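Asker: the sequence and its predicted three-dimensional model are supplied below.
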Amino acid sequence: MIVVSSCLAGLKVRYNGTDCLDETIRRLVGEKKAVTVCPELMGGFATPREPAEIQGGTGADVLDGQARVIEKSGRDVSEMYVKGAYAALEVIRGLGARLVVLKEYSPSCGSLMIYDGKFENRKVAGSGVTAALLQREGIEVISEEQFLERLRLRGE
């Protein structure tokens with residue numbers, strides 16, 4: 001079983017009430033080959049919500065209490081991001097999923113790149129809170145771009 005970010009399957013759960021639909025991922029969900037999760041909703045956020053970015057490090061640093069997830073207005077929402085990450089981990093473990101495809105750049109889901117925490121649309125290397133937790137737990141986490149490239153290379 002594959003687990004994917006809900007927004008990639010067309011669910012309008014992003015901070016601004018939109019999705020990041022990928023038709024291939026939606027098809028896999030429709031065929032029951034993939035299951036969706038949204039760590040931010042699982043952490044207690046609503047849609048829409050204020051944009052947030054990690055300040056002072058990466059998702060791993062947030063898990064270790066060394067960095068924070070801050071909304072654009074300045075509110076610290078780190079606890080909700082950590083709560084959502086652990087809730088997603090429970091679902092993923094329960095499904096026995098070995099591969100998780102998460103939305104790149106998200107403060108929850110980014111697996112390679114996240115925004116730099118200054119709300120200036122600049123990206124830096126690093127992972128989001130959920131991606132970091134899953135990686136610590138030995139679960140393979142990749143971006144949607146990496147996943148689609150794998151499918152292309154396999155001729156799917």
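Answerer: Okay, I see it.

Asker: give the residue farthest from the middle of the chain.
Answerer: Relative to the average C-alpha location in the chain, and by CA atoms, centre = their mean, no residue lies farther out than G155, which sits at 26.1 Å.

Asker: now that one: which helix or strand?
Answerer: Taking DSSP states H and E as the definition, G155 sits outside all helices and strands.

Asker: now it: how far from L99?
Answerer: According to CB to CB, to the nearest Å, G155 stands 18 Å off from L99. No exception for glycine: its C-beta is placed from N, CA and C like everyone else's.

Asker: and Y15, by the same measure?
Answerer: Spatial separation of Y15 from L99 under the definition CB to CB is 25 Å.

Asker: what does stretch 12-26 contact?
Answerer: Applying CB atoms under 8 Å, 6 or more residues apart in numbering, the external contacts of stretch 12-26 come out as 4-11, 34, 38, 40-41, 47-52, 101, 103, 144, 147-148, 151.

Asker: among those, which lie within strands?
Answerer: Residues from the contacts of stretch 12-26 lying in strands, with DSSP state E as the criterion: V4, S5, A34, A52, V101.

Asker: ok, the second one - contacts?
Answerer: Taking CB under 8 Å, 6+ apart as the criterion, S5 is in contact with C20, T36, V37, C38, V101, L102, K103, S106, C109, E144.

Asker: residues touching the closest residue to the fourth one other than its chain neighbours, list them.
Answerer: Same thing as C38. Closest residue to C38 in three dimensions, ignoring its sequence neighbours and counting by CB to CB, 6 or more residues apart in numbering: S6, at 4.0 Å. By CB under 8 Å, 6+ apart, the contact set of S6 is V13, T36, V37, C38, L41.
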